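Asks: Please work out how this folds:
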Amino acid sequence: MEPISIQSSLENEQVILLPLQETDFEALYAAASEPEVWAQHPNKDRWKREVFQVFFEGAMQSKGAFKIVDKATETVIGSSRFYDYNPSDDSIFIGYTFYARSCWGKGINPMVKKMMLDYIFQFVSKVNFHIGAENLRSQIAIERLGAQKVATEEVAYFGEPSRLNFVYEIRKEDWLLKASL
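Replies: A predicted model of the protein is given here:
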């Protein structure tokens with residue numbers, strides 16, 4: 001099996017996920033700068049420039065972050081990333097996902113997660129997600145994809161306070177079975 005790559009460009013008819021670059025800050029911040037984007041997130045003030053700057057630095061250091069670009073408008077509409085690859089557990093996390101409000105309710109999140117899951121299941125047998133304990137919108141979205149809640153833990157976000165999160169999991173065999181239905 002080829003070595004895992006957590007920053008390969010991914011694309012479908014509507015969006016393209018490109019490795020996040022330092023020069024993407026302004027475009028990504030434009031998508032993140034509305035308070036509503038972070039209203040259910042454990043760190044509700046990420047819409048503030050100085051707080052988002054810390055988030056962006058963590059994204060760059062992760063070496064697994066993407067900007068999500070709407071192909072029709074060529075606009076950056078959000079971000080997601082792969083992180084915490086664990087070879088001994090044959091697992092990785094997907095998370096730190098957000099979208100501009102203009103994209104909400106248009107099926108972008110399940111489309112992006114499907115691309116990421118289809119890709120990463122070439123390399124791992126389990127994908128985990130940290131979802132804020134108060135983030136009902138994201139909990140519902142991830143359960144619709146077939147994820148199961150498996151744990152509760154405090155998560156220390158890069159440069160931010162620890163927050164209570166639920167850990168959700170999707171196993172490769174369950175994902176492939178769901179895809180075949």
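
Asks: Which parts of the lengthiest strand in the chain count as buried, going by neighbours?
Replies: The strand spanning the most residues in the chain, taking DSSP state E as the definition, is strand 75-86. Buried residues in strand 75-86, counted by 16 or more other C-beta atoms under 10 Å: 76, 77, 78, 79, 80, 81, 82, 83, 85. To be clear about C-beta, it is placed using only N, CA and C from the backbone, and glycine gets the same treatment.

Asks: got a list of what the last one touches?
Replies: Residues touching residue 85, when contacts are defined by C-beta atoms under 8 Å, 6 or more residues apart in numbering, comprise 4, 6, 64, 91, 92, 124.

Asks: tell me the pLDDT at it?
Replies: We have a pLDDT of 94 for residue 85.

Asks: In ChimeraX, select just the buried ones from the contacts of residue 85.
Replies: Applied in ChimeraX, the following selects the buried portion of the contacts of residue 85 according to 16+ other C-beta under 10 Å:
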select :6,64,91,92,124
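
Asks: As a markdown table, the contacts of residue 85 with secondary structure, distance to residue 138 and pLDDT would be great.
Replies: Formatted as a markdown table, the contacts of residue 85 follow (DSSP: H, G, I helix; E, B strand; the rest coil; distance: C-beta to C-beta, whole Å; pLDDT from 0 to 100):
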| residue | secondary structure | distance to residue 138 | pLDDT |
| --- | --- | --- | --- |
| 4 | coil | 25 | 83 |
| 6 | coil | 21 | 88 |
| 64 | coil | 19 | 94 |
| 91 | strand | 19 | 97 |
| 92 | strand | 18 | 97 |
| 124 | coil | 21 | 96 |
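
Asks: For the contacts of residue 85, work out which two are farthest apart.
Replies: With C-beta to C-beta as the measure, no two of those lie farther apart than 64 and 91, at 13.6 Å.

Asks: related to what we said a few turns ago, would you turn the buried residues of strand 75-86 into CSV with distance to residue 133?
Replies: Conversion of these to CSV gives the following (distance: C-beta to C-beta, whole Å):
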residue, distance to residue 133
76, 29
77, 26
78, 22
79, 22
80, 20
81, 20
82, 22
83, 19
85, 24
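
Asks: With respect to residue 157, which of the residues you listed is nearest?
Replies: residue 83 (11.1 Å).
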